[in-house]
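Q: One predicted model, sequence on top.
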Amino acid sequence: MTPLGVRLREMRAERGVTLKEMAHAIGVSPAYLSALEHGKRGAPTWFLVQRIIVYFNIIWDDAEELCRLAQSSDPRIKIDTSGAMPEATAFANLLARSIAELVGDDFSKMTEIIESALMRKAKD
């Protein structure tokens, strides 16, 4: 399941909306919406995200959060390490091979390291 998929399910449950009802209202098939929630489809288009925002009548921060979740919910990531250090390529390949074995705390630690590096880079 993707971060967007989790949030969509939460919103549907909060409002008592079935997958079939939502799919019909936003103009997609129930199979597509289910696949999107379960991470079996790529990230949705900006237009589809906007239809979801309108459907749930969400505004401002919640709408921005939904857009952010959509952007970070593509289950098929491509990492281009051409021109990077050899360690970057090795790390990307290791991550690709082992990501299914990692648990929540592993992701939290790696996210913290990457965000720290990005903040350090921004200061330079």
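A: Right, received. Where do you want to start?
Q: For Ser82, see how far away the residue nearest to Thr81 when sequence neighbours are not counted is.
A: Nearest non-adjacent residue to Thr81, counting by C-beta to C-beta, 6 or more residues apart in numbering: Thr89, 4.2 Å away. From N, CA and C alone the C-beta is placed, and that goes for glycine too. Taking C-beta to C-beta, to the nearest Å as the measure, Thr89 falls 8 Å from Ser82.
Q: quick one on the thing from earlier: SS state for the residue nearest to Thr81?
A: What DSSP: H, G, I helix; E, B strand; the rest coil gives for Thr89 is helix.
Q: Give me the pLDDT for it.
A: Looking at Thr89, its pLDDT stands at 95.
Q: and what of Asp74?
A: Value for Asp74, per-residue pLDDT: 85.
Q: wait, isn't it in contact with Lys40?
A: No. Look at Asp74 against Lys40 with C-beta atoms under 8 Å: they stay out of range, at 11.6 Å.
Q: got the domain boundaries for this structure?
A: Domain segmentation of the chain under automatic domain parsing yields 3-71, 86-123.
Q: distance between the ends of the last one?
A: It refers to domain 86-123. Here the two ends of domain 86-123 are set 25 Å apart, with distance taken as C-alpha to C-alpha, to the nearest Å.
Q: Show me which positions of it end up buried.
A: Residues Ala92 are the ones in domain 86-123 that count as buried (16 or more other C-beta atoms under 10 Å).
Q: Could I get the pLDDT score of Gln71?
A: The model reports Gln71 with a pLDDT of 90.
Q: show me the contacts for the residue nearest to it when sequence neighbours are not counted.
A: What sits nearest to Gln71 in space, not counting adjacent residues and going by C-beta to C-beta, 6+ apart, is Ala43, at 6.5 Å. Ala43 is in contact with 4, 70-71, 73-74, counting by C-beta atoms under 8 Å, 6 or more residues apart in numbering.
Q: roughly how far apart are Ala43 and Leu94?
A: 24 Å.
Q: Then Met85?
A: Distance of Met85 to Leu94, computed by C-beta to C-beta: 14 Å.
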